[in-house]
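Novice: For reference, the sequence and a predicted model appear below.
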Amino acid sequence: MTHYETVRSVIAGKAQLCVVTKKRTKAEIMAYYDRGERMFGENHAQELLDKVDLPADIRWQFIGHLQTNKVRQIVPYVDCVQSLDSLALAKELDKQSRRLNKVMKCLAEFHLAEEDANKTGLARADAFPFLDACKAYPNIEVCGIMVMGPHTADTAKIAAVFRGAHQLYLELQKHYGAAQIRILSMGMSADYPIAVAEGANLVRIGTYLFEEGE
Ligand SMILES: *Cc1c(COP(=O)(O)O)cnc(C)c1O
């Protein structure tokens, strides 16, 4: 099996795949496009802008820390900003999306791993106040959450973080409704099988797909 076939079989019937294409060439991206993939993820505004001449039915996911001064340029091309981590960003996304008559899908990014203290993302305690505050911005729609697993080889620790994320996801669904809160984005090359086992319905995978191993 190729790595792609492995990923597709692990997530089958459970999760959507976002192919993370940072630092990949257009030809590498098109190889996945030709296999039927349409959801691709980038984490730098400029690198995304360099790739937006690829087919228009690509649903670009923005997955990196987004500076407010880059929002205006990328909003026309992005399907979902998975890394919404501040109200200042929500406000700017709302403003720039309104100019285009667009409602930008967003995922609130949470930082739930205890290690990796300098990582971006909202704290769990901010969840309800943050989502309530986002209601003031009608041109964004918060449709779920994005979480990164901790950098550790300890699979029990990784599973515990993802379990906490799923718990938070369920609490948000209960409060805001499952029609609104419908995406739980977690799992990367190193930990996506754990994430899917813990309830992820969207995984973001780069390295494993582009680097076929021995
Ligand atoms: C790079 C990146 C990924 C993919 O990581 P891989 O280890 O290459 O699969 C997923 N999510 C985010 C936010 C990333 O920056």
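Specialist: That came in fine, so what should we check first? Residues are numbered from 1 along each chain as shown.
Novice: which residues of the protein score low on pLDDT?
Specialist: 116-118, 213-214 (pLDDT under 70).
Novice: For the residue nearest to residue 119 when sequence neighbours are not counted, give its distance to residue 208.
Specialist: Distance criterion Cβ to Cβ, 6 or more residues apart in numbering; nearest residue to residue 119, sequence neighbours excluded, is residue 111 at 5.3 Å. (C-beta placed from N, C-alpha, C; glycine too.) Residue 111 is 23 Å from residue 208, where distance means Cβ to Cβ, to the nearest Å.
Novice: residues touching the residue nearest to residue 119, list them.
Specialist: 119-123, 147-148 (Cβ atoms under 8 Å, 6 or more residues apart in numbering).
Novice: Just send the residues you listed back as CSV, with neighbour count and distance to the ligand too.
Specialist: What follows is those, written out as CSV (neighbours: other Cβ atoms under 10 Å; distance: Cβ to the nearest ligand atom, whole Å):
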residue, neighbour count, distance to the ligand
119, 15, 10
120, 14, 10
121, 21, 10
122, 20, 14
123, 10, 18
147, 25, 10
148, 26, 6
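Novice: okay, these in a markdown table with secondary structure next?
Specialist: Output for the contacts of residue 111, formatted as a markdown table (DSSP: H, G, I helix; E, B strand; the rest coil):
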| residue | secondary structure |
| --- | --- |
| 119 | coil |
| 120 | coil |
| 121 | coil |
| 122 | strand |
| 123 | coil |
| 147 | strand |
| 148 | coil |
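Novice: Just put those residues in TSV and tack on distance to residue 22.
Specialist: TSV is the format used below for the contacts of residue 111 (distance: Cβ to Cβ, whole Å):
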residue	distance to residue 22
119	17
120	16
121	18
122	22
123	26
147	19
148	14
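Novice: These: which two are farthest apart?
Specialist: Farthest pair in the contacts of residue 111 (Cβ to Cβ) is 123 and 148. Separation: 13.9 Å.
Novice: For residue 142, give the beta-bridge partners.
Specialist: Taking DSSP bridges as the rule, residue 142 bridges to residue 106.
Novice: residues in contact with it?
Specialist: With Cβ under 8 Å, 6+ apart, residue 142 has these contacts: 84, 106-108, 131, 134, 180-181.
Novice: Next, count neighbours for residue 82.
Specialist: Using other Cβ atoms under 10 Å, residue 82 is surrounded by 26 other residues.
Novice: That one: what's it in contact with?
Specialist: Neighbouring residues of residue 82 by Cβ under 8 Å, 6+ apart: 41, 61-63, 106-107, 109, 146, 185, 204.
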